[in-house]
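Engineer: take a look and give me a structure for this.
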Amino acid sequence: MKIWKKPIDVDVLNQTSPNTLIEHLNIVYSEVTDHSVSATMPVCSFTHQPLGMLHGGASVVLAETLGSVAANFCVDDDHYAVGLDINANHIRAMYKGEVTGTAEPVHLGVSTQVWQINITDERGRLVCQSRLTVMVKKKRDRRD
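Structural biologist: Okay, here's the model as predicted:
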């Protein structure tokens, strides 16, 4: 069963990346299924920490990117979703190559959603497991 309330595909998602942290880290959306969103990110100098391995913060950026974008496609046009809490368990060190993150819903409620994001290496081994909780808010006029 599809969970999406808006049209979603990798082209639509990748068009949201220019001039964002997503573009800066070369995160590229790679797959959308009826219940998940995936993206890849390189493991290289700009995603490394000083010891030359994948920075845990880069993994968290990938996880929150996937969970947040997925959450926003699971609400109608009168609502939006924002991150409330994220945690990450860093399982395996990566020094080079590419990781793939996949976000799947754990809970799709009216006011909150919970997303599980697994990040794996090219061999399918778990690198990081993250859980993102988002708050669903009603859009209102902003008068800045």
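Engineer: any low-confidence regions in this protein?
Structural biologist: 142-144 (pLDDT under 70).
Engineer: now do the helices in it.
Structural biologist: Using DSSP state H, the helices of the chain run over 10-14, 21-24, 56-72.
Engineer: so which bits of the longest one are buried?
Structural biologist: What it means is helix 56-72. By neighbour count on 16 or more other CB atoms under 10 Å, the buried set for helix 56-72 is 58-72. C-beta coordinates here come from the backbone N, C-alpha and C atoms, glycine included.
Engineer: same deal with the second one?
Structural biologist: Residues of helix 21-24 classed as buried by neighbour count (16+ other CB under 10 Å): Ile22.
Engineer: for it, the distance to its chain's centre please.
Structural biologist: Put simply, helix 21-24 sits 12 Å off its chain's centre (CA atoms, centre = their mean, to the nearest Å).
Engineer: if we can go back for a sec, wait, which of the helices of the chain is closest to Asp121?
Structural biologist: helix 56-72 (11.5 Å; CB to CB).
Engineer: other SSEs contacting that closest one?
Structural biologist: helix 21-24, strand 37-43, strand 79-90, strand 97-108, strand 112-120, strand 126-138 (3 or more CB pairs under 8 Å, 6 or more residues apart in numbering; DSSP states H and E).
Engineer: 10 Å instead, please
Structural biologist: For helix 56-72, the packing partners by 3 or more CB pairs under 10 Å, 6 or more residues apart in numbering; DSSP states H and E come out as helix 10-14, helix 21-24, strand 28-32, strand 37-43, strand 79-90, strand 97-108, strand 112-120, strand 126-138.
Engineer: got the angle for that helix vs strand 37-43?
Structural biologist: Relative orientation of helix 56-72 and strand 37-43, computed by axes from the mean of the first three to the mean of the last three CA atoms, to 10 degrees: 160 degrees.
Engineer: can I get helix 56-72 in PDB, CA atoms only?
Structural biologist: What follows is helix 56-72 as a C-alpha-only set of coordinates in PDB (Å, rounded to 0.1, in the frame of the first residue of the first chain):
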ATOM      1  CA  GLY A  56      28.900  10.500  11.900                       C
ATOM      2  CA  GLY A  57      27.300  13.900  11.400                       C
ATOM      3  CA  ALA A  58      27.300  13.300   7.600                       C
ATOM      4  CA  SER A  59      25.500  10.000   8.200                       C
ATOM      5  CA  VAL A  60      22.900  11.900  10.400                       C
ATOM      6  CA  VAL A  61      22.500  14.500   7.600                       C
ATOM      7  CA  LEU A  62      21.700  11.700   5.200                       C
ATOM      8  CA  ALA A  63      19.300  10.100   7.600                       C
ATOM      9  CA  GLU A  64      17.500  13.300   8.500                       C
ATOM     10  CA  THR A  65      17.300  14.300   4.800                       C
ATOM     11  CA  LEU A  66      15.600  11.000   3.900                       C
ATOM     12  CA  GLY A  67      13.300  10.900   6.900                       C
ATOM     13  CA  SER A  68      12.200  14.500   6.500                       C
ATOM     14  CA  VAL A  69      11.600  14.500   2.800                       C
ATOM     15  CA  ALA A  70       9.700  11.200   3.100                       C
ATOM     16  CA  ALA A  71       7.600  12.600   5.900                       C
ATOM     17  CA  ASN A  72       6.600  15.700   3.900                       C
END
